[in-house]
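# Here is a sequence together with a model predicted from it:
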Amino acid sequence: MNIAVLAKQVPDLVEGLEIDPSGKALDVNYLRYILSESDDHALEQALLLKEKVGGRVEVFALNQGEARESLVAAIAKGADRAVLVDAGLDSPLNNHAAAQIFAGLLGGGLFDLILTGVRAIDDLDGSLGGLVAGSLDLPYAALIRKAEADGDGKTVIVQKEYPGGYAVELVVRLPAVLGIQAAEQPPRYVPISRLRQVMKTATVEEVSVAPPSQQPLDVTCLFKPEEGAGAVMISGGAQEAARQIMSLLSERRLLR
Amino acid sequence: MIPTTAKLGLVPGWAVLWLFFLVAVGIFARRVVFLIRLLKLGRAENRFDNIPERLKRVLIYVFGQRRLLDEPLVGIPHVLIFYGFLVFLMSTSGMLLQGLFPSLHLPGMESNRYLAPVVDVFALLVLGGLAVSSFRRFVIRPTGLQLTWDATLVNILIASLMLTFLLMEAFHRISSPLAGGVWVPVGNWLAGLAGSSAALRANAALFHSLFWWAHVLIVLFFLAYLPSSKHLHLLAAPFSAFFSRLEPTGRLAAPMDEQVRLGAERLEEFTWRQLLSAFACAECGRCERACPSRQVGEPCSPRQLVHNLKEQLLRYGPALLSHARVAADGGEPTMIGGLISAGELWGCTTCLSCSERCPVLNEHMSIMVDLRRRLVERGEVDKHLEEALRNLARYGNSFGQSERKRAVWTQALDFKPKDARREPVEWLWYLGEYAGYHPALQHITQSLARVLHAAGTNFGIVYEAERNSGNDIRRVGEEGLFELLREKNMATFKKAQFNKLFTTDPHVYNTFKNEYPDLNHGRHSVYHYSELIRDLLQRGQLKVTRSLPYRVTYHDPCYLGRYNGVYDAPRRVLRALGVDLKEMPRSRRNSLCCGGGGGRVWMEEIGEVHSRPSESRVREAAALEGVQFLVVACPKDYVMFTDALKTTGLEARLAVKDLTELVAEAVSVA
Amino acid sequence: MRNDILVFAEHFRGTLNDITYELLGKGRELAQSLDSRLLVSLLGHEVGGLVERLGVADQVCLVDRPELKEFASDSTKAVLEAILADVQPRLVLLGSTSIGLELLGLISARKGIPCLDNCTRLESRDGKLVATCQIYGGKVFVEVALPEATTLVAVVPGSFPKEPGEVASKPELRNIALPPVLPEARTTFRKLLEPPSGDVDITKAPILVGVGRGIQNADNMSLAEELAAALSGVVCASRPVIDQGWLPLTRQVGKSGMTVKPKLYLALGISGAPEHLEGMKQSELIVAVNTDPNAPIFSVAHYGAVVDALELLPLLTEEVSNQVTKKASA
């Protein structure tokens, strides 16, 4: 089974987020990028499928942030090919533009499955998986937490999450795109020694594509929510907080 | 008369003896050769350097029985049995020679008026020692000491050797009154007892012969049996001591370059010295009893680790020797998941108590770390540990905090510590991630900064360039990450300008001192902050303005004390502050680990634990009358013990204080 | 294109989901300010009975076909595209849900219709539609002026009140020209996986004690259970706790778990990721405890304290038990 994984870099929230003076974008000064968490799960799911039924896993990423490092890590985990895609632009692309690029690279029936995370923390104009599926007119299933290849190699059986702890089992005809919520097991650990080894030996392919036609969203402003705006804060230590909460509950007649 | 001159049936006695002798020696030799061949399955390692030092080790630990006396109840009996063994080795060898070559009339020890009483008294001492140790093994049944047929048989053999010897002596006295010239207290007394019976007197010569043969045959049996029993440690211990590691314990063996895969899980991946541990182990259980994880119910067991290695070796080694390879790996199953579970390996705190106590100088930790290295290499890392490792690789700290927040603690100070990357300083202060990031420790770090500032110490930090030193990362088996961090830190050191380095964290201290070659052996020296404070107090750069009227106890951190021998500096500091220092029962090299080392601070409990080592430790401190503070010199200890006071409900009874806090109070720095 | 608003109705196991009412309420408001109409599409099989709950809309595009019995994106998409072609609305409102997430990208890319996700606020300003969307786990909000063209907007459930959308009367039915045969569904429903039962239904509990990562390990769960017992409440949790296996799936509160609206929700050691907030932010009284003063949970909480949940738990349990015994003996 030939599987493509789309991996996106997103801002690393550990570094904190600041809004730049224009008020319309993030301040890139302290930004650090990391692989989107659900894309990491998508890669893991792809590798699990490959381990079970054989085939190839190829990982694609737009050249942004630490994309190259993520691709090397993917190879260290077992991916067969890693492709860094450069569209010759400085600023990050929205998902529509990214989807155009990937649709161009992945079309033509090269892949049985295209996996990507169901959402990334910076998604604004829809998630990449759905947009790619729409562009290529492929079936799309989102919020997938399990995927098994059917014996005949023509379908996969997936579990799609619904609220309230429900899920449904779907049969998806290949080729298809899946938006992964979580892989069947957490993303595997790569020992640093192997990672460093792979860094020396592996090659990340570089592909240049024409800049896509973009319809940027009309962002009027970015803002951070007021901290603790809603809540009335109780000061003092744990003992004081316990006492105050208890009297609050008592006041509201919530204690039996 | 030498008993072998007589005929046994048609055959001369000495011929019969020769037969038994050759068979016993044959069995013995065959087994020993087999065991040595098994050892050769292991990887090569050069332990033939510095022979004088190695001989010294044998002298101190084997002949000096140094570690045996850690547990005096059994230590003293063992010393007696050991020296008894040496004595009887000579005596019985003499007897054997006489028996094998009766016509040569070789003199034996029993005819020497100085030596004979020694042997005689030792027989009694050995019996006495045996009585105590048997009582301990069979009645008291301490942890880690097992009741096996092997142990029982050995005890019976030794006892019967002593008894047959004494009886032999006694009947010799009765049958050959000339020998009465040599005074042997026990023998004479027994002779007196036996001599009162006419029947025994009449057949004294026969009994003498009988017990002589019994003694010699039992010895030959023991000889043949020895290499198959746990008493093999008799032979192997001197070698395990001779080939013990000369490098500092704080320096883990780095993987050899030729190693394709990191770590070990099959016999041929361990070194021959690691395999030798299996034979040298006397299964005494000292390591087990000292292990803090074992004590609280974690599956981690140092004794079991060595035992399982022996199992693996004896079970699968022979097939490897005969090259009967059924599969690429010789059909040898991996130890991980087989004889050893991952849980047992992750449970170790690397406190070193096990090898510190081991009388045969086995290196449990090196086996354990090699197995952990293999687990990491296979990607089978404990879940919580994995998260910590990811954070460490990406952010240089296990908290998952931005590197930029490393020096946030300095903002509360009313001065700005020097940046050693920009200007030269005398002392580079390397905090360690706990002292830098952990919210509960900020005030202590700030305190130390103020104290040093008040003392006029020329110190600086590297602010955001600091990364985890890698000590615990190495000990969880992530060798690649350790090397990466070491490279980054060394690059920082090259750019910074400083003379000496000190740290607040004993883990950092250990790895910088022992595993960062250019740091300590190069231009710079590595210190723990307690050593710096001690010097400042000594030189008068810090003055105690108020003597502290507290009664305290001090906990020796594993990586400062047991690993690096720094016991006195913190104590000197405490004494200079005027406190009344009371030692806990387990202090200095017997200090009980807080349970946070070896990466355990990043993991959760694995087994069904009933408490934590830190809880046991705070109870020990609280049991000391009048002690108000448990003083620590390691940030992880502070966090672990503070938590333990909460979970044991001892917060009202005792408080944890870092050494810095007391110093700050005594020198009146806010 | 007209200025009409189209709401995509979602239903599950025979009832309309709350998100539908939330969208209808907001749709009505926007339609009024734009002086246009509110339409709603209802797709499914044997769902005619739900029409009378959609009274707040002007028209309902009911498509009742056996192929639509279980949600499959191919068929639903085809029908929805036909409806869009017919109605040509200004704005299409969907829920950012298991269903909405699939339809959004598929239709947007295929038809070249701009779309937005994670919307939490929508308003009409001087005739322009402005959407506010949350990103970066709710740490940043983006205000976007919608283009002057049909736009798809997926809304985070719980962003709007549902009461304005609950009008029980039958709106006018609108006929949509559909192809006689829908395209073959390439994803087919096989079976429904129910959550493990036999456990408490947290959506019915009036008092919930919610725990998050701050509970640190399974051992500490007993502290939460004790507090819940003292309050006669039930313990629930955010996703990380469920993923660890410390509580069953039936106790999960959030986007992929349950949505709860208890009288009291105690959020202990929960940071407040949007997925979790979605599931509990409509609770009557929210008291949050977290060591991080900037935790997003405080933005929805009514009362908050910056203390360690583990420290607070036993203390609060004691206070409550004492108070309860006092009241009992009084």
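Structure's in. What do you need?
# show me where pLDDT drops low in the chain?
The chain I'm using is chain A. Counting by pLDDT under 70, chain A contains low-confidence ranges at A:227-229, A:256.
# other chain: chain B
Confidence mapping of chain B against pLDDT under 70 gives the ranges B:1, B:178-181, B:258-259, B:324-330, B:520-523, B:670.
# In it, which residue sits nearest chain C?
Residue nearest to chain C within chain B: residue B:604 (5.4 Å; CB to the nearest CB). (Glycine included, C-beta is placed from N, CA and C.)
# Am I right that that residue is in contact with residue C:246?
No - Residue B:604 lies out of contact with residue C:246 (CB atoms under 8 Å); the separation is 11.3 Å.
# More neighbours: which of these two?
More crowded of residue B:604 and residue C:246, by other CB atoms under 10 Å in any protein chain shown: residue C:246, with 19 against 14.
# Quick check: that one vs residue C:275, distance?
Distance from residue C:246 to residue C:275, counting by CB to CB, to the nearest Å: 18 Å.
# In CSV, could you pull the C-alpha coordinates for stretch B:21-30?
Output of stretch B:21-30 as CSV, limited to C-alpha atoms (Å, rounded to 0.1, in the frame of the first residue of the first chain):
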residue,chain,number,x,y,z
PHE,B,21,41.5,-37.5,43.3
LEU,B,22,41.9,-37.7,39.6
VAL,B,23,38.1,-38.1,39.1
ALA,B,24,37.4,-35.1,41.3
VAL,B,25,40.1,-32.9,39.7
GLY,B,26,38.9,-34.0,36.3
ILE,B,27,35.3,-33.0,37.0
PHE,B,28,36.5,-29.8,38.6
ALA,B,29,38.8,-28.9,35.7
ARG,B,30,36.3,-29.7,33.0
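# Name the residues that touch that stretch?
Contact with stretch B:21-30 is made by B:96, B:100, B:220, B:221, B:223, B:224, B:226, B:227, as judged by CB atoms under 8 Å, 6 or more residues apart in numbering or on different chains.
# one step back: report the set of residues contacting both of residue B:604 and residue C:246.
Residues touching both residue B:604 and residue C:246 (CB under 8 Å, 6+ apart): residue C:217.
# Now stretch A:209-228: buried residues?
Neighbour-count burial for stretch A:209-228, counted by 16 or more other CB atoms under 10 Å in any protein chain shown, picks out A:212, A:217, A:222, A:225, A:228.
# List the ones among the residues you listed that fall in strands.
The members of the buried residues of stretch A:209-228 that map onto strands under DSSP state E are residue A:222.
# would you list the buried residues of stretch A:209-228 in a markdown table and tack on distance to residue A:100?
Listed next are the buried residues of stretch A:209-228 as a markdown table, based on distance: CB to CB, whole Å:
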| residue | distance to residue A:100 |
| --- | --- |
| A:212 | 4 |
| A:217 | 15 |
| A:222 | 24 |
| A:225 | 32 |
| A:228 | 41 |
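# Dump the buried residues of stretch A:209-228 into a markdown table; add distance to chain C as well.
Shown next, in a markdown table, are these (distance: CB to the nearest CB, whole Å):
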| residue | distance to chain C |
| --- | --- |
| A:212 | 12 |
| A:217 | 5 |
| A:222 | 5 |
| A:225 | 5 |
| A:228 | 4 |
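# so which of the buried residues of stretch A:209-228 also contact chain B?
Checked against chain B using CB under 8 Å from any CB of the partner chain, these yield no neighbours at all.
# closest to chain B among the buried residues of stretch A:209-228?
residue A:228 (18.7 Å).
# So which bits of the stretch 251-400 of chain B are right by chain A?
So far as CB under 8 Å from any CB goes, the stretch 251-400 of chain B lies against chain A at B:262, B:376-377, B:379, B:381, B:383, B:386, B:389-390, B:393-395, B:400.
# Please pick the buried ones from those.
For these, a burial check counting by 16+ other CB under 10 Å picks out B:262, B:376, B:377, B:381, B:386, B:389, B:390, B:393, B:394, B:395.
# ok, the fifth one - contacts?
This means residue B:386. Residues in contact with residue B:386, defined by CB under 8 Å, 6+ apart, are residue A:189.
# and it, which of the three is it?
helix (DSSP: H, G, I helix; E, B strand; the rest coil).
# Phi and psi next, for the residue lying closest to residue C:41 once chain neighbours are set aside.
Nearest non-adjacent residue to residue C:41, counting by CB to CB, 6 or more residues apart in numbering or on different chains: residue C:61, 4.5 Å away. With angles defined as degrees, to the nearest 10, residue C:61 shows backbone torsions of phi -90, psi 100.
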